[in-house]
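> Based on what follows, work out the 3D shape:
(2 chains)
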Number of protein chains: 2
Amino acid sequence: MADRPLELGYMSLGDHLADPVTGERQSQRRRFATLVEAAARAEMVGFSSVWLGEHHFSEWIVSSPQVALAAIAERTTTVRLGTSVTLLVNLDPVRVAEDFATLDLVSDGRAELAIGRGILSQTYAAFGQDLDRSRPDFEEKLDLLLRLWREGSVDWAGTVRPPLEGVEVQPRPLQRPHPPVWVGGGTSEASVDLAARLGLPLMLPSVFAKPERFAPMAERYRERYTAAGHDPAGMRVGGCNHCHVARTTQEARQRWRPYYRAYYDLGQRALAQSAGLWSGRTIAPFDFDGATRGAGICGSPAEVTDRILAVRDLLGLDVHLLMFDLGGLPERDLFATLDLFGAEVVPAVRGAVPATPAPA
Amino acid sequence: MADRPLELGYMSLGDHLADPVTGERQSQRRRFATLVEAAARAEMVGFSSVWLGEHHFSEWIVSSPQVALAAIAERTTTVRLGTSVTLLVNLDPVRVAEDFATLDLVSDGRAELAIGRGILSQTYAAFGQDLDRSRPDFEEKLDLLLRLWREGSVDWAGTVRPPLEGVEVQPRPLQRPHPPVWVGGGTSEASVDLAARLGLPLMLPSVFAKPERFAPMAERYRERYTAAGHDPAGMRVGGCNHCHVARTTQEARQRWRPYYRAYYDLGQRALAQSAGLWSGRTIAPFDFDGATRGAGICGSPAEVTDRILAVRDLLGLDVHLLMFDLGGLPERDLFATLDLFGAEVVPAVRGAVPATPAPA
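Reported below is the predicted structural model:
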């Protein structure tokens, strides 16, 4: 973590759920319109970046974040446009290189992507990957993606796709050698070690557990990154949390609880349908008090600011992604919480220098 | 062909060539900016639709038209957003269904796609398709794409991708049952027959030869479509030509000639590198006079209007796509020809009723 201000990112996974309070479920058309509008609003209120996550055949209905981000690119001018995550293990690195180079060009060099292995085993089945080979396939695909962008004409042969002979992917990304590629991972040491070994930034999936869980991972990443001798400027750690802010603690908690619960239930349904990637893991019954001391950040502007800075210091974050639009939260509530966040939390976070020295 | 006015489409394949007059080659970033700007301008001057074509590893640098079209969606409000063509034979129909449903949602229901088998054999090699199976693979993928959109949960097994068990693609397209899917083809009877058999619209690749070549194909399509008993409203024929308009015939021809030549040379290079799909075919030496009586439409507004209406009557076109931005034509010339086209050709074409009865 450099002594630069924490960057705040607006993140959405595009869950398409009914409002648990009213029972109303907006159309998918409206859901995407909200995604684009909220991204434009996030830029307006001071976020540095927008991040969309990819899922397939799911109640999280963003399966092509690159297409949605291209629309957002035309509605915004400064925010970085990222994915959290792109399921590289289930995709063809050639298509990923093409899609994100195109996004980079139409956005004037604002594309980023975090790549990961996902949480839904049915995605592996449908795209023909073997769950047991998830990690080696991921590493092989990452290596190919980086080669396609870093080299010109590529000769390649491996196990994850047909061989390539003298292939130069077009178009070329605007950012050279390529848009930032974050390794999305940190529930296991292997992903952390991969990011450190390759000198790539690390995006911790800290929505999955309380932040403390990831502190050893962030520390391990920095140690190994430094030991590998990579350029210190490239050593970056990101994290993500769910968030809701209102004028008072009580109002925030009362308002958010049913939506966070509905979102939690979605996670349980997803895990129940999945297998393999999450074998041996269980999700505890919903506990709002516990959740809002963990992956959920909820409260007044002052409370939310305090928790964001605490997570920043705990994990040494350079970028903190926050998810607001979850569980069927109506658009008016989403925009109200975003506006308040922009008015009071963004300036407070931006003005804060790291409270403690960066972890070693 | 119904007795409705001909729809005009603005088409680009995104070739990235140096200006043959000045030797200057714009950056890829600028090339994409021009694509988006020109699409917005096309809407403004009266085109009904915008169409981008997909190529890979080529001097035609649009490899992800769906990403570029999503950006265009946010810059426009009425134009339909199509591809001409999407190389379905080289792609995964699941990803195509996801990408274009997303485009359909972010564009408020304006997505269309023409699908085809392409002209570059190296695309088959890189994506692992067998050239000899191009036609059956294409038909199998088309069948799957339509099932993914028309049905909910799909069980499927075949040869072109891993099997699917109970997969419901998300998001769902806004247009129901799905965005228009044009069969891009017409150099062979098989593609025409496929479109007629499935009751799909037909997009003739009439940039490849003089319009007369495709008249029997259009007639065959209408006969077979009608004989198959499909809804007559779905019987639509599209075509495409290169175009340049200026105040006078002489100015148009003098100005366009070097650019059309440069574009012709690109076609020759592409065919020289390719094989299989085009085996046995050759391209004759560049002949500007011949070309502008064939696939190229060039001249004063009155001449261009006459030729567009002649092609419409010859082929019974419902939609006519026109390619202006080719061969390194500078943006100022592109916009000048578009503005003139909008001011004089669009109203003339719009006011014209079919000069002859629709072909049987």
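> got the contact list for residue A:170?
Taking C-beta atoms under 8 Å, 6 or more residues apart in numbering or on different chains as the criterion, residue A:170 is in contact with A:98, A:101, B:16, B:55, B:56, B:57, B:58, B:59, B:61, B:63. Every residue, glycine included, has its C-beta placed from N, CA and C.
> and it, what pLDDT?
pLDDT for residue A:170: 98.
> what does residue A:160 give?
Reported pLDDT for residue A:160: 98.
> residues in contact with the residue of the stretch 251-360 of chain A found nearest chain B?
With C-beta to the nearest C-beta, the shortest gap between the stretch 251-360 of chain A and chain B falls at residue A:273, namely 10.3 Å. Contacts for residue A:273 (C-beta under 8 Å, 6+ apart) come out as A:120, A:122.
> repeat that with 7 Å
residue A:122 (C-beta atoms under 7 Å, 6 or more residues apart in numbering or on different chains).
> May I have the phi/psi pair for it?
When read as degrees, to the nearest 10, the backbone of residue A:273 gives phi -80, psi -20.
> got it, and residue A:20?
Residue torsions, per degrees, to the nearest 10, at residue A:20 are phi -70, psi -20.
> burial of it, as a residue count?
Under the neighbour criterion other C-beta atoms under 10 Å in any protein chain shown, residue A:20 is assigned a count of 18.
> Surely it is in contact with residue A:262?
Yes. Using C-beta atoms under 7 Å, residue A:20 is in contact with residue A:262, at 4.3 Å.
> between the two, what contacts are shared?
Joint contacts of residue A:20 and residue A:262 (C-beta under 7 Å, 6+ apart) are A:327, A:328.
> what's across from the spatially most central residue of chain A in the sheet?
Closest residue to the average C-alpha location of chain A: residue A:84 at 2.8 Å, with C-alpha atoms, centre = their mean. Note on residue A:84: beta-bridge partners by DSSP bridges are residue A:114.
> any idea how far residue A:122 is from the residue of the stretch 251-360 of chain A closest to chain B?
For residue A:273, the distance to residue A:122 equals 7 Å [C-beta to C-beta, to the nearest Å].
> what's the answer for residue A:330, then?
Taken as C-beta to C-beta, the span from residue A:330 to residue A:122 is 30 Å.
> Between those two, point out the one with more neighbours.
Neighbours were counted for residue A:330 and for residue A:122 using other C-beta under 10 Å; residue A:122 has more, 20 against 16.
> Surely that one is within a helix?
Yes. Judged by DSSP: H, G, I helix; E, B strand; the rest coil, residue A:122 forms part of a helix.
> That one and residue A:58 touch, don't they?
No. Taking C-beta under 7 Å as the definition, residue A:122 is not a contact partner of residue A:58, at 8.4 Å.
> What strand or helix carries residue A:166?
strand A:164-167 (DSSP states H and E).
> Pull the contacting residues for residue A:315.
Neighbour list for residue A:315: A:204, A:211, A:214, A:215, A:218, A:237, A:239 [criterion: C-beta under 7 Å, 6+ apart].
> and the residues you listed as TSV, adding pLDDT and secondary structure?
Formatted as TSV, the contacts of residue A:315 follow (pLDDT from 0 to 100; DSSP: H, G, I helix; E, B strand; the rest coil):
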residue	pLDDT	secondary structure
A:204	97	coil
A:211	93	helix
A:214	96	helix
A:215	97	helix
A:218	97	helix
A:237	98	strand
A:239	97	strand
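> Among the residues you listed, list the two that are farthest apart in space.
The most widely separated members of the contacts of residue A:315, counting by C-beta to C-beta, are A:211 and A:237 (11.8 Å).
> Which of those two has more residues huddled nearby?
Neighbours were counted for residue A:211 and for residue A:237 using other C-beta under 10 Å; residue A:237 has more, 29 against 22.
> Which residue or residues pair with that one through a beta bridge?
Beta-bridge partners of residue A:237, as defined by DSSP bridges: residue A:202.
> And for residue A:143, the neighbour number?
15.
> Next, the buried residues of the helix or strand encompassing it.
If you go by DSSP H and E, residue A:143 is part of helix A:134-150. The neighbour-count check on helix A:134-150 (16 or more other C-beta atoms under 10 Å in any protein chain shown) flags A:134, A:137-142, A:144-149 as buried.
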